[in-house]
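Asker: kindly generate the corresponding structure for this input.
(chains A, B and C)
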Amino acid sequence: MIRLEEIVLRLGGKLVGDPRREVAGVASLSGASSGDITFYLDSTPVSALLSTNAAVVITKNIRQDIAEKSQVVTENPHFYFVQLINEFFPVDSAPRPAGVDSRAFIGVDVVLGRGVTVAPHAVVSDRVQLGDNVFIGAGCVIGEGVQIKSGSQVFPNSTIYAGVKLGEHAIIHSGAVLGGDGFGFVSEAGRWYKVPQIGSLVVGDDVEIGCNTTIDRGALDDTEIGNGVKIDNQVQIGHNCVIGENTVVAGCVGIAGSVRIGKRCKIGGAAMITGHLDIADDVTVSAGSLVAGSIRAAGRYTGVYPLGLHAEWLRSAVELRKLGRNKGESGKHNFDQ
Amino acid sequence: MIRLEEIVLRLGGKLVGDPRREVAGVASLSGASSGDITFYLDSTPVSALLSTNAAVVITKNIRQDIAEKSQVVTENPHFYFVQLINEFFPVDSAPRPAGVDSRAFIGVDVVLGRGVTVAPHAVVSDRVQLGDNVFIGAGCVIGEGVQIKSGSQVFPNSTIYAGVKLGEHAIIHSGAVLGGDGFGFVSEAGRWYKVPQIGSLVVGDDVEIGCNTTIDRGALDDTEIGNGVKIDNQVQIGHNCVIGENTVVAGCVGIAGSVRIGKRCKIGGAAMITGHLDIADDVTVSAGSLVAGSIRAAGRYTGVYPLGLHAEWLRSAVELRKLGRNKGESGKHNFDQ
Amino acid sequence: MIRLEEIVLRLGGKLVGDPRREVAGVASLSGASSGDITFYLDSTPVSALLSTNAAVVITKNIRQDIAEKSQVVTENPHFYFVQLINEFFPVDSAPRPAGVDSRAFIGVDVVLGRGVTVAPHAVVSDRVQLGDNVFIGAGCVIGEGVQIKSGSQVFPNSTIYAGVKLGEHAIIHSGAVLGGDGFGFVSEAGRWYKVPQIGSLVVGDDVEIGCNTTIDRGALDDTEIGNGVKIDNQVQIGHNCVIGENTVVAGCVGIAGSVRIGKRCKIGGAAMITGHLDIADDVTVSAGSLVAGSIRAAGRYTGVYPLGLHAEWLRSAVELRKLGRNKGESGKHNFDQ
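Answerer: All right, here's what the predicted structure looks like:
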């Protein structure tokens, strides 16, 4: 139980209500019990606010419609709530330092900082360097010469190929594969020959990479992920891409090779970006859009077929196809659809 | 060799032909040898039926065009065929109970039911509870406090984060990651801060989850997968989603956070559903469609650009772009395409 | 340091410049230092050629605009460059033969060729057959009875289900899952029943499969990947697909079940192909396109909504929707967007 006065003393904000009121936990508006503290954003339907069981609500503006509850008023309620969790209700399932397990494999000439954890069945190959407090989860395979700076966490069953460099405080989720070979082949006399992928992958500080995401090493130069970049699950980033600082990439996005993305961009879920493009700073790409050309100015860009009832889609698709035909064309084709 | 009379005695159906005829194995129409039993669906081209080498065909209606073959007539031939495999030709590569391997890691306060298998190099963390006959494949990492009910199978190299709950008879395929952090960040003063993901993931009974599929834990509340849900490979399901019973989700689908999907829905391959939507019961979303708004009634919904020859697409795309311009606009842009 | 005369002696090509000039390494045009050799393709902007620091450039035609540099003139500069790396600058982080590690698990009746490597914590199940010089990375799980021919490499944390067959010189990248169950269910009385997946997966020679790619085993017949096929990361290939020789499949592609793709096709990134289709030889599918019908003739096919500013997209989408309505329809719907 935490008293509201302790919270406000530590985190600031204006308290409306009894400072000695105690809260037992954090919860969402709908999931809160009567002892919980929650938060409300102006973009949330007000009905959710009015029906919450929470005792205390963090809000941007004082609310008259929940006068019976305590309120903490602050400019950025969501950020305040995050700080509240981190300070007073830390996640108890987070990885804890546990040293190097005897069932882990540690190669030769490995450099381990203080407080490093290597969990059972992990493999830390020759010449790896791990900074202070680095966490390597069970079953991870860290390739030769990989460098991981202090405070970074690599969750179980992730794989990092040889020579990759990770910055500080990275979070790499399970199943991620960093530094695999880029997709490079050259055609000669009717068959494909592999282009050796001898660049590397360099990841900045404060980067989070989601479950089963893959980021390829460069062909000759390096693939680069800037500081503060956040990447969701199941994302694919091709060789030689450069992602600018604080850009966020939602789930299922595919970015082909040699794409340069600016700072503070937001790439929506399942968007696909084809190769060798430049995307300016502060660009938002809507979910599901295919980007096949460079984008030279900030703004929001979209390209998705609007959803409709299947029967209506059939009609609009027929009309759209007609727009693509030259006059007099029969419309007969060597494909079905 | 199994006699047809044994099959019909056990599984029902009307036999047309010699009850003492024997079959050696099960096969597809095209792959069958002369000793095999196969099945025919009315939706299959009849040419495949007429050219099969199988001795026996399971059909919905008696067929005069294959009078020389034996037939088993039943309402649902595909379901009959599945029962036939399970009863008479069980898959011999299925996981077999093998106890807890000495090379597995078992934490403290772990509860193991009868007949549990933990394969080599798997990690079962502290306080995990495994029901009877649970199978944990090689290299799996089961996080702290995870609960898995009886009869569930987790194939090799899957990862389950701390606190996730799985129902009975789940099948989790290799490379799946369950309960990873949702993609939650809050912006403050120009950078992103991680929102702790303190909800969990609760999976019902009889759920199958495909290879390399990822399902995130909730931010505050839980992510929930209903009983009987079937999820294919490479699917991404975001935090706080709720998927209704018996819904099927095909490969490569992305579902962003806080989506509620009803019962008995069919989400086609590579469809993408953006966040905070509601999808009604009995909705079918066609493959490749982007769903960016709630769907409030059953039916089939589609939104994909019709495929065409590239040259025709170029023309239709130009016309479509024109539809988006205000009169008098030049069409000049800060992007290429 | 390698003298140019040695290179040309071994690899051919016409040398323009001093045969005794030495090069220290290979690099891209933009990444090259003054001692490096690089290559130039006619499709690359000439500005990149004019600004390179490289001492030597491999080109298709003699260039007058870089007369101060040495040149190696050859028909296919990229292929020449690849041979150059392989012969004179081999990748030093490539897997090296290291025998069977004592921390690997080797089942019974396993057949190991000469020079086989099995890294720590890998699992090689009963009755597996590994040809000469096969490399099995750390944490890989190779299922019962799998056959892998000589020279193939399986990178860490990959999983191969029971009975899969791999040809010679395959490269399987980390996190790939080969031979998982196809997505097969039959509906009976309102619930889904699993269709046993008793076919296998057969992969030809010289196939490369990317990180976290999944390829399902067949339901009854086998899934087949032809010789020389190259598959990028995060690709999903469903049960019973047949992929023809030398076809390339870019990242994030989804191919549903029972698709037959011809030889020498190019499937662009994030394209999706629905089930039971035939694709002819030499077909190119553009990135992001949805293929919902068979393609019977070679050519390039495209179907993606052209990207635009969001405001313009809103207008074009409204117009496109109108094309789908019958006259007099209200446009009211049970879905939002």
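Asker: tell me the bridge partners for the residue lying closest to A:F185 once chain neighbours are set aside.
Answerer: In space, and not counting its chain neighbours, A:F185 is closest to A:W192: 4.1 Å by Cβ to Cβ, 6 or more residues apart in numbering or on different chains. (Glycine included, C-beta is placed from N, CA and C.) Note on A:W192: beta-bridge partners A:S187, judged by DSSP bridges.
Asker: my guess is A:W192 contacts A:V186. True?
Answerer: Yes. Using Cβ atoms under 8 Å, A:W192 is in contact with A:V186, at 7.2 Å.
Asker: the residue nearest to A:F185 and C:I231, how far apart?
Answerer: Computed with Cβ to Cβ, to the nearest Å, the distance linking A:W192 and C:I231 is 11 Å.
Asker: so what sits against both of the two?
Answerer: Common neighbours of A:W192 and C:I231, using Cβ atoms under 8 Å, 6 or more residues apart in numbering or on different chains, are C:V248.
Asker: list phi and psi for the nearest residue to A:G12 once chain neighbours are set aside.
Answerer: Leaving out its chain neighbours, the residue that sits closest to A:G12 by Cβ to Cβ, 6+ apart is A:T74, at 6.9 Å. Backbone dihedrals for A:T74, given as degrees, to the nearest 10, come out at phi -150, psi 160.
Asker: OK, contacts around the closest residue to A:G308 other than its chain neighbours?
Answerer: Excluding its sequence neighbours, the residue lying closest to A:G308 (Cβ to Cβ, 6+ apart) is C:G324, at 5.7 Å. C:G324 sits next to A:308, A:312-317, A:319 when contact means Cβ under 8 Å, 6+ apart.
Asker: what do you get for A:F155?
Answerer: A:95, A:137, A:140, A:171-174, A:176, A:211, B:159, B:161, B:180.
Asker: alpha carbons of stretch A:78-86, as CSV, please.
Answerer: Below are the C-alpha coordinates for stretch A:78-86, written out as CSV (Å, rounded to 0.1, in the frame of the first residue of the first chain):
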residue,chain,number,x,y,z
HIS,A,78,0.5,8.1,-19.4
PHE,A,79,4.1,9.0,-18.8
TYR,A,80,3.3,9.7,-15.1
PHE,A,81,1.7,6.3,-14.8
VAL,A,82,4.8,4.6,-16.3
GLN,A,83,7.0,6.3,-13.8
LEU,A,84,4.6,5.3,-11.1
ILE,A,85,4.9,1.6,-12.1
ASN,A,86,8.7,1.8,-12.3
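Asker: for the top helix by length along chain A, give the mean pLDDT please.
Answerer: For chain A, the longest helix by residue count, based on DSSP state H, is helix A:310-323. Here helix A:310-323 scores 92 as its mean pLDDT.
Asker: which other helices and strands does it contact?
Answerer: strand B:299-302, helix B:310-323, helix C:310-323 (3 or more Cβ pairs under 8 Å, 6 or more residues apart in numbering or on different chains; DSSP states H and E).
Asker: apart from its chain neighbours, what residue comes closest to A:V108?
Answerer: That would be A:D126: by Cβ to Cβ, 6+ apart, it lies 5.0 Å from A:V108.
Asker: that neighbour and A:G143 touch, don't they?
Answerer: No. Using Cβ under 8 Å, A:D126 is not in contact with A:G143; the gap is 9.3 Å.
Asker: could you check which of the two is surrounded by more residues?
Answerer: A:G143 (27 against 13; other Cβ atoms under 10 Å in any protein chain shown).
Asker: and the more buried one, what does it touch?
Answerer: A:125, A:128, A:159-164, A:179, C:93, C:156.
Asker: now stretch A:249-269: how far from the chain's centre is it?
Answerer: Offset of stretch A:249-269 from its chain centre (Cα atoms, centre = their mean, to the nearest Å): 11 Å.
Asker: quick one: mean pLDDT for it?
Answerer: 98.
Asker: same check, this time on stretch A:137-154
Answerer: The model assigns stretch A:137-154 a mean pLDDT of 98.
Asker: find the nearest non-adjacent residue to A:G210, please.
Answerer: That would be A:N233: by Cβ to Cβ, 6+ apart, it lies 3.7 Å from A:G210.
Asker: kindly report the same for A:N246.
Answerer: A:G228 (4.2 Å).
Asker: roughly how far does that neighbour sit from A:R264?
Answerer: 9 Å.
Asker: quick check: neighbours shared by the two?
Answerer: Joint contacts of A:G228 and A:R264 (Cβ under 8 Å, 6+ apart) are A:245-246.
Asker: who is the residue minimising distance to the centre of chain A paired with across the strands?
Answerer: Nearest residue to the geometric centre of chain A (Cα atoms, centre = their mean): A:I231, 2.6 Å. In this entry, A:I231 is beta-bridged to A:I209, A:V249, by DSSP bridges.
Asker: and it, what pLDDT?
Answerer: 98.
Asker: ok, the residue nearest to A:H310 when sequence neighbours are not counted - contacts?
Answerer: For A:H310, ignoring the flanking residues on the chain, the nearest one in space by Cβ to Cβ, 6+ apart is B:R300 at 4.1 Å. B:R300 is in contact with A:309-310, B:283-286, counting by Cβ under 8 Å, 6+ apart.
Asker: can you do 7 Å?
Answerer: A:310, B:284, B:286 (Cβ atoms under 7 Å, 6 or more residues apart in numbering or on different chains).
Asker: quick one: it and chain C, what's the gap?
Answerer: B:R300 sits 12 Å away from chain C, going by Cβ to the nearest Cβ, to the nearest Å.
Asker: cool, and A:I209?
Answerer: A:I209 is 13 Å from chain C, by Cβ to the nearest Cβ.
Asker: how many residues are close by that residue?
Answerer: 29.
Asker: need the residues of the stretch 151-300 of chain A near chain C, please.
Answerer: A:157, A:159, A:162-163, A:175, A:177, A:180-181, A:183, A:185-186, A:188, A:191-196, A:198, A:212, A:214, A:220-221, A:234, A:236, A:238, A:254, A:256, A:272, A:274, A:286, A:289-292, A:299-300 (Cβ under 7 Å from any Cβ of the partner chain).
Asker: now a PyMOL select for only the buried ones of those residues.
Answerer: For the buried members of those, the matching PyMOL selection, counting by 16 or more other Cβ atoms under 10 Å in any protein chain shown, is:
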select buried, chain A and resi 157+159+162+163+175+177+180+181+183+185+186+192+193+194+195+196+198+212+214+220+221+234+236+238+254+256+272+274+286+289+290+291+292+299+300
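Asker: in strands, which of the residues of the stretch 151-300 of chain A next to chain C appear?
Answerer: A:159, A:177, A:180, A:185-186, A:188, A:191-194, A:214, A:236, A:254, A:272, A:290-291, A:299-300 (DSSP state E).
Asker: is A:D18 located within a helix, as I assumed?
Answerer: No. Assigned with DSSP: H, G, I helix; E, B strand; the rest coil, A:D18 falls outside any helix and is coil.
Asker: so what's it closest to, chain neighbours aside?
Answerer: According to Cβ to Cβ, 6+ apart, the nearest residue to A:D18 is A:S70 (6.5 Å).
Asker: could I have the buried ones of the contacts of C:G324 as PyMOL selection syntax?
Answerer: Those of these that count as buried under 16+ other Cβ under 10 Å are selected in PyMOL with:
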select buried, chain A and resi 308+312+313+316+317
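Asker: now distance to B:V116 too, for the contacts of C:G324, in TSV please.
Answerer: Output for the contacts of C:G324, formatted as TSV (distance: Cβ to Cβ, whole Å):
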residue	distance to B:V116
A:G308	50
A:E312	53
A:W313	49
A:L314	52
A:R315	56
A:S316	55
A:A317	53
A:E319	60
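Asker: thanks again, I'm all set now.
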